[in-house]
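Trainee: here is my input, please return the structure:
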Amino acid sequence: MSEINPFGVFPSASPRADLMTRPADLDAASLTSASGAQLNYWIDAVNKDLPKKVLVKTGTVDIRRQRLADYFSIDLSSLPPAPSIGPISRDTEINKRQWDHLRSFEPKIWA
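Mentor: The predicted model follows:
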């Protein structure tokens, strides 16, 4: 078996060689929100249709996501960051109140 480069693609397989057709549900938005199981499914689909294994399923979710993006030439940087929606968490609220309380002692402590 050939040695794998840091990107998880075998050296004999360039990103353009033996490209399978991209699944209809695989785009930049779905790739960035996909779980590890979904990424593994897409990697299996790529390897199943080719005579040699071109992608591996090792590494973190972010690494596997980048491998698929490189293989299918998907630009992940084109997506805007997801806005944080929702109320402040309970921990954040408590932390904010603790710092506000600590700041109230500032003139007394450092005077």
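
Trainee: can you give me the strands in this structure?
Mentor: In the chain, no segments count as strands under DSSP state E.

Trainee: correct me, but residue 36 touches residue 61?
Mentor: Yes. Using CB atoms under 8 Å, residue 36 is in contact with residue 61, at 4.9 Å. C-beta: built from backbone N, CA, C; applies to glycine.

Trainee: what about the longest helix in this structure?
Mentor: helix 90-104 (DSSP state H).

Trainee: what about residue 58, how many residues close to it?
Mentor: Look at residue 58: counted by other CB atoms under 10 Å, it has 9 neighbours.

Trainee: try the one 4 residues further on
Mentor: Using other CB under 10 Å, residue 62 has 11 neighbouring residues.

Trainee: tell me where the model's unsure across this structure.
Mentor: In the predicted model, the chain carries pLDDT under 70 at residues 1-20, 81-84, 107-111.

Trainee: mind doing that once more with 80?
Mentor: 1-24, 49, 78-89, 105-111 (pLDDT under 80).

Trainee: which residues in it form helices?
Mentor: Remark: helices assigned in the chain by DSSP H are 28-33, 36-48, 61-71, 90-104, 106-110.

Trainee: for the third one, buried residues please.
Mentor: Going by neighbour count (16 or more other CB atoms under 10 Å), the buried part of helix 61-71 is 64-69, 71.

Trainee: what residues does that helix touch?
Mentor: When contacts are defined by CB atoms under 8 Å, 6 or more residues apart in numbering, helix 61-71 is touched by residues 7-9, 15, 19, 26, 28, 31-32, 34-36, 39-40, 42-43, 46, 54-57, 59, 74-76.
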